[in-house]
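Asker: Predicted model and sequence below, questions to follow.
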Amino acid sequence: MGVYSLRSIVLSHKRTWAYYLLLAFAIGLAGISASFIAIQAVNPRFLVAGIGLVAGLVLLVFLIVKPEIGLPILVFITFTRAPEVIPGIRELPSLSTILAVFLLAVIIFRRIYFNEPVENWHRQAIFFGAFGLIVLASLLYAMDQESVRSALSEFIPDITITIVVATLLRSARDLRRVVWALLAAGILLGTLTTIQQLTGNFTNSYLGFSQVDFSNIVGAVDDYRVIGPALDPNSYGMYMVLLIPLAIDRLWNEHKLFLRIAALWSFLVVSLTIMFTFSRGAFLSLVFVLVLFFVHHPPKIRTILYLVVLGVVLLIFAPAKYTDRLATLLDFIRDSGETESNGGVDIRQAALSEPSFKGRLSENLVGLQMASDHPIFGVGYKNFEYYYQSYSRPLGIDSRSEGRGAHNLYLEVAAEMGIIGLIWFGALQVIVIKGLRRARDRFRLVRMDQEASMVIAFSISLAGFLFASIFRHLTYPRYVWLFYGILLAIPYISKVGLEKGRLKYQHLRTEAV
């Protein structure tokens, strides 16, 4: 015991002197930078760059002393893709990757110098490492090896970000910060998109955070569809749906009024953004998560009235052609129903009545055929597009001549990675779902109701993603890896909360005795 106490004292002094040294170093650099700025202040660009340098130095010190401060910053930057999409600097290396590598170096430094334990990275490393091996194995048989190499080059920084987030996500406070970082990202992106749509100023991309794509809406009608920070409309809508359960949860459960207002703001602008994408899959996913949420949290009459008012407000601001595009879903159902009444369901014929459904049908049928022809290992990661035309042309459904994605994550995994990929993907879902259920029960056991509610919200977001994946294959995987990294970290947070709750209970019981 005495040795342990002495060791703690020595380590604490080492930590104190290291912090003082780092702080003195940062202040010195900041002072030099400030003097240089003052001399060169006549140049506005140099002034801005200098101020950014000083702010960056101060931030770096804070991140070394308290790396968990970088967690919400990393999540926010990753979700908004800032400043990767800002004109003029988008060619620079990814800021989220740079920050993740720096935080990883800080974690390793503190482990070696301060002997601080590094927890909660094993599960993420195992799962995503296994996925990386599957992708790497694709190089042995994939025809389009350049696509595999490109995917690997993106996979490494993506997984670095994910593992850093999971490693720094250690407590209920960290989880709360991550939730609000995600909602803040939704507020930024959603607000800019809403302003752009309401003003009709489509030539302004708002520093790249609200970009648009002029494409088909319904029939021969084209219009602007938002793609956010340079995504695509369907993917952007799907990833924004993930924020809806978190926003509603914070709207209902936050105690401070300004936080509830922020949650409401996030819900409104994110919902509008989903509409502005014109994505039917995102709309169905939005309805799905709302139904799940209200099944789990049955609303009161007053709440229902509020929701009706919000729904009317959202419909008022909905794009003119939005309902026309959604009506194609009803046409598909009606055509299928009429065919069924004539003696059998011909989904193929119903799909051919709407141009976009033709592409979806062709892509799904191709995915099934690829999986059937290559059942064990698939055709190779990111090789669906390479093979698409050779499978699509004999079908005679899709007249487009370019490579296409599967538009279904499950078919994409089966076609590109075969049974091996399906086993990995299924195991990931089982582990995540069991972990979330266990975390919810642990939080409830120690009466951490706020945290239990956030876990439920994340569970509904996961269900929404899995539902949306019926209509969308994996694009911009960094969002998915970040999301699953958070989900895999939640059981560890609940374990820490359970241990603290038990210690608190024992302490109170001892005092009572």
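Answerer: Great, that's in hand.
Asker: now what about stretch 208-216, what contacts it?
Answerer: By CB atoms under 8 Å, 6 or more residues apart in numbering, the surrounding residues in contact with stretch 208-216 are 80, 82, 85-87, 90, 188-189, 192-193, 195-196, 202, 204-205, 222-230, 232-233, 355-356. No exception for glycine: its C-beta is placed from N, CA and C like everyone else's.
Asker: Buried residues, it. List them.
Answerer: For stretch 208-216, the neighbour count (16 or more other CB atoms under 10 Å) marks 208-213 as buried.
Asker: so what's the closest residue to K382 other than its chain neighbours up against?
Answerer: Spatial nearest neighbour of K382, excluding adjacent residues (CB to CB, 6 or more residues apart in numbering): S147 at 4.1 Å. Neighbouring residues of S147 by CB under 8 Å, 6+ apart: 381-383, 385-386.
Asker: Out of the buried residues of stretch 208-216, which one has the lowest pLDDT?
Answerer: Ranked by pLDDT, the buried residues of stretch 208-216 bottom out at G208 (86).
Asker: what secondary structure does that one sit in?
Answerer: Of the three states, G208 takes coil under DSSP: H, G, I helix; E, B strand; the rest coil.
Asker: For Y141, what are phi and psi?
Answerer: The phi and psi torsions at Y141 (degrees, to the nearest 10) take the values phi -140, psi -10.
Asker: Quick one: residues contacting the residue nearest to it when sequence neighbours are not counted.
Answerer: In this structure, Y141 finds its nearest non-sequential neighbour in G380, 6.0 Å apart by CB to CB, 6+ apart. The contact partners of G380, taken as CB under 8 Å, 6+ apart, are 138, 141-145, 148, 416.
Asker: just the buried members of those?
Answerer: Neighbour counting with 16+ other CB under 10 Å marks 138, 142, 144-145, 148, 416 as buried within those.
Asker: Filter those down to the ones in helices?
Answerer: Within these, residues falling in helices by DSSP state H are 145, 148, 416.
Asker: Now tabulate these in JSON lines and tack on pLDDT and distance to P117.
Answerer: Formatted as JSON lines, these follow (pLDDT from 0 to 100; distance: CB to CB, whole Å):
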{"residue": "Q145", "pLDDT": "92", "distance to P117": "41"}
{"residue": "V148", "pLDDT": "93", "distance to P117": "36"}
{"residue": "E416", "pLDDT": "95", "distance to P117": "38"}
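Asker: Let's have the residues you listed in a markdown table, adding distance to P72.
Answerer: A markdown table is the format used below for those (distance: CB to CB, whole Å):
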| residue | distance to P72 |
| --- | --- |
| Q145 | 38 |
| V148 | 34 |
| E416 | 34 |
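Asker: From F278, how far out is the closest residue to S279 other than its chain neighbours?
Answerer: Closest residue to S279 apart from its sequence neighbours, by CB to CB, 6+ apart: G237 at 3.6 Å. G237 sits 8 Å away from F278, taking CB to CB, to the nearest Å as the criterion.
Asker: Same check on V101?
Answerer: 37 Å.
Asker: And the two? Which one has more around it.
Answerer: Higher neighbour count among V101 and F278: F278, with 26 against 16, using other CB atoms under 10 Å.
Asker: I'd assumed that one was in a strand, is it?
Answerer: No - assigned with three-state DSSP, F278 falls outside any strand and is coil.
Asker: contacting residues around it?
Answerer: F278 sits next to 217, 223, 225, 233, 319, 321-322, 325 when contact means CB under 8 Å, 6+ apart.
Asker: Can you tell me the number of residues neighbouring the nearest residue to it once chain neighbours are set aside?
Answerer: Distance criterion CB to CB, 6+ apart; nearest residue to F278, sequence neighbours excluded, is R225 at 4.9 Å. Neighbours of R225 under the rule other CB under 10 Å: 22.
Asker: Can you name the residues in contact with the strand or helix carrying R225?
Answerer: Using DSSP states H and E, R225 maps to strand 221-228. For strand 221-228, the external contacting residues (CB under 8 Å, 6+ apart) are 189, 193, 196-197, 202, 209-217, 233, 236, 240, 273, 276-279, 319, 321, 324.
Asker: now whichever helix or strand comes after it: mean pLDDT?
Answerer: Using DSSP H and E, the next helix or strand after strand 221-228 towards the C-terminus is helix 233-241. Averaged across helix 233-241, the pLDDT comes to 94.
Asker: thinking again about what came up before, any idea how far the residue nearest to K382 is from I98?
Answerer: Taken as CB to CB, the span from S147 to I98 is 26 Å.
Asker: and if you look at V135?
Answerer: Per CB to CB, V135 is found 23 Å from I98.
Asker: same deal with R123?
Answerer: 25 Å.
Asker: And these two? Which one has more around it.
Answerer: Between R123 and I98, counted using other CB under 10 Å, R123 has the larger neighbour count: 17 against 13.
Asker: Could you pull up the residues touching that one?
Answerer: 166, 431, 488.
Asker: Which of those residues fall within helices?
Answerer: 166, 431, 488.
Asker: and the residue lying closest to A184 once chain neighbours are set aside, how far is that from V165?
Answerer: Counting by CB to CB, 6+ apart, F76 is the residue found nearest to A184 once chain neighbours are left out, at 5.9 Å. As defined by CB to CB, F76 lies at a distance of 11 Å from V165.
Asker: of these two, who's got more company?
Answerer: Higher neighbour count among F76 and V165: V165, with 27 against 20, using other CB under 10 Å.
Asker: ok, now which ones touch that one?
Answerer: 71, 74-75, 100, 178, 482, 485-486, 489.
Asker: give me the element the nearest residue in space to L314 that is not next to it in sequence is part of.
Answerer: Excluding the flanking residues, the one nearest L314 by CB to CB, 6+ apart is S271, at 5.6 Å. Assigned by DSSP H and E, S271 belongs to helix 257-276.
Asker: now do N216
Answerer: Here N216 sits within strand 211-218, counting by DSSP H and E.
Asker: Would you mind splitting the protein into its domains for me?
Answerer: 2-119, 133-320+405-512 (automatic domain parsing).
Asker: Determine which stretch of these is the most buried.
Answerer: domain 133-320+405-512 (a mean of 19; mean count of other CB atoms under 10 Å).
Asker: And G418, how close does it get to A181?
Answerer: Taking CB to CB, one finds G418 at 37 Å from A181.
Asker: Please export the C-alpha coordinates of stretch 224-241 as CSV.
Answerer: Written as CSV, here are the backbone C-alpha positions of stretch 224-241 (Å, rounded to 0.1, in the frame of the first residue of the first chain):
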residue,chain,number,x,y,z
TYR,A,224,-32.0,20.7,-56.8
ARG,A,225,-31.3,17.9,-54.3
VAL,A,226,-29.0,18.8,-51.3
ILE,A,227,-25.9,16.7,-50.9
GLY,A,228,-24.6,18.5,-47.8
PRO,A,229,-20.8,18.3,-47.4
ALA,A,230,-20.2,16.7,-50.8
LEU,A,231,-22.0,13.5,-50.3
ASP,A,232,-24.9,12.2,-52.4
PRO,A,233,-28.6,12.9,-51.7
ASN,A,234,-29.5,9.4,-50.6
SER,A,235,-26.5,8.9,-48.4
TYR,A,236,-26.8,12.4,-46.9
GLY,A,237,-30.4,11.7,-46.0
MET,A,238,-29.7,8.3,-44.5
TYR,A,239,-26.9,9.7,-42.2
MET,A,240,-29.0,12.6,-41.1
VAL,A,241,-31.8,10.2,-40.1
